[in-house]
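Undergrad: Pasting a predicted model and its sequence here:
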Amino acid sequence: MSSTIARRLDRIRSTLPPSVRLIAVTKQVSVPLMREAYAAGIRDFGENRIQEADSKYEQLQDLPDITWHGIGHVQSNKAKRAVELFDWIHSCDSLKLARRLNRLAGELSRSPQVCLQVKLLPDPNKYGWSVEQLWQDLPELDRCEHLQIKGLMAIAPLGLDEGETATLFARAAQLARDIGQQPWQRLQMTELSMGMSGDYALAVGQGATMVRLGRILFGERS
Ligand SMILES: *Cc1c(COP(=O)(O)O)cnc(C)c1O
């Protein structure tokens, strides 16, 4: 009999275009459940806290083809471990952090793939660039030679209705197109990390290339 996670995954995948990367968000999810997700075919795991990611990374060393995604705010003192652990950092949310990640990546001979987190509406709980600040910082971001900047990440604030949420995701997609049209040296804008359990269908409708799903795969967190 297939596991609950496998059945949930099948149902979600049947609604996603094959090109959309499904990231299983495993914050507060146990290592045995992560193994079950792996057995069901998940290879992309997202964690928002470095300490938790670190411990799980060590415990899952026998599964070498996992791609690790950092999706939470990276504190300065955790940036080194983030660069060591994560293949992708979705939550690069300031120039200061980008500079630090770039320097550490150089020192560690790593080149993480990075999304720039944008805040398109005021949201006291969310980090991220304002649109104006991002445009100002892009020239220097383009010179971060140890980072592979691939696109944008956006989170819809709580309390928006479906129309407002879709509009927010559409604005993120438009911003990525506008940025992508400029002649950068290395910065790319092909990825859009947006959509969580409650709004991923809306995000995919607006062009998300990566969705970050927790509760819909693993059940409610305690
Ligand atoms: C927790 C989290 C998710 C997943 O949220 P769910 O509602 O459980 O799908 C996605 N992205 C980020 C940044 C998160 O912190």
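TA: Everything's here; your move.

Undergrad: Might you list the low-confidence residue ranges for this structure?
TA: Applying pLDDT under 70 to the chain flags the ranges 1-2.

Undergrad: helix, strand or coil for Ala98?
TA: Using DSSP: H, G, I helix; E, B strand; the rest coil as the criterion, the local structure at Ala98 reads helix.

Undergrad: For Thr165, give me its contacts.
TA: Counting by CB atoms under 8 Å, 6 or more residues apart in numbering, Thr165 makes contact with 156, 199, 202. In this view, the C-beta of every residue, glycine as well, is placed from N, C-alpha and C.

Undergrad: Roughly how far does the last one sit from Asp44?
TA: Spatial separation of Leu202 from Asp44 under the definition CB to CB, to the nearest Å is 21 Å.

Undergrad: Next: the first one.
TA: Taking CB to CB as the criterion, Ala156 is separated from Asp44 by 21 Å.

Undergrad: Those two: which has the busier surroundings?
TA: Set side by side, Ala156 and Asp44 show more neighbours around Ala156, with 24 against 18, by other CB atoms under 10 Å.

Undergrad: Surely that one touches Gln206?
TA: No. With contact defined as CB atoms under 8 Å, Ala156 and Gln206 do not form a contacting pair (10.8 Å).

Undergrad: who touches both of these two?
TA: Residues touching both Ala156 and Gln206 (CB under 8 Å, 6+ apart) are 169, 194.

Undergrad: What residue in the chain comes nearest to the ligand?
TA: Ranking the residues of the chain by distance to the ligand (CB to the nearest ligand atom) places Gly214 first, at 2.5 Å.

Undergrad: So what sits opposite the closest residue to that residue other than its chain neighbours in the bridge?
TA: With CB to CB, 6 or more residues apart in numbering as the criterion, Gly214 has its nearest non-adjacent residue at 3.6 Å, and that residue is Val25. Val25 has these beta-bridge partners by DSSP bridges: Gly46.

Undergrad: Distance check, Val25 against Arg215.
TA: If you measure Val25 against Arg215 using CB to CB, the figure is 8 Å.

Undergrad: Specify which residue of the two has the higher count of neighbours.
TA: With other CB under 10 Å as the criterion, Val25 and Arg215 differ in neighbour count, and Val25 comes out ahead with 25 against 12.

Undergrad: Distance-wise, check the more buried one relative to Arg212.
TA: Val25 is 5 Å from Arg212, by CB to CB.

Undergrad: Mutual contacts of those two, please.
TA: Jointly contacting Val25 and Arg212 under the rule CB under 8 Å, 6+ apart are 46, 71, 196.

Undergrad: between those residues, which has the most around it?
TA: Most neighbours among the shared contacts of Val25 and Arg212, by other CB under 10 Å: Ile71, with 27 neighbours.

Undergrad: related to what we said a few turns ago, how about CSV for the shared contacts of Val25 and Arg212, with distance to the ligand added?
TA: Written out in CSV, the entries for the shared contacts of Val25 and Arg212 read as follows (distance: CB to the nearest ligand atom, whole Å):
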residue, distance to the ligand
Gly46, 7
Ile71, 4
Met196, 4
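
Undergrad: I appreciate the help and will end here.
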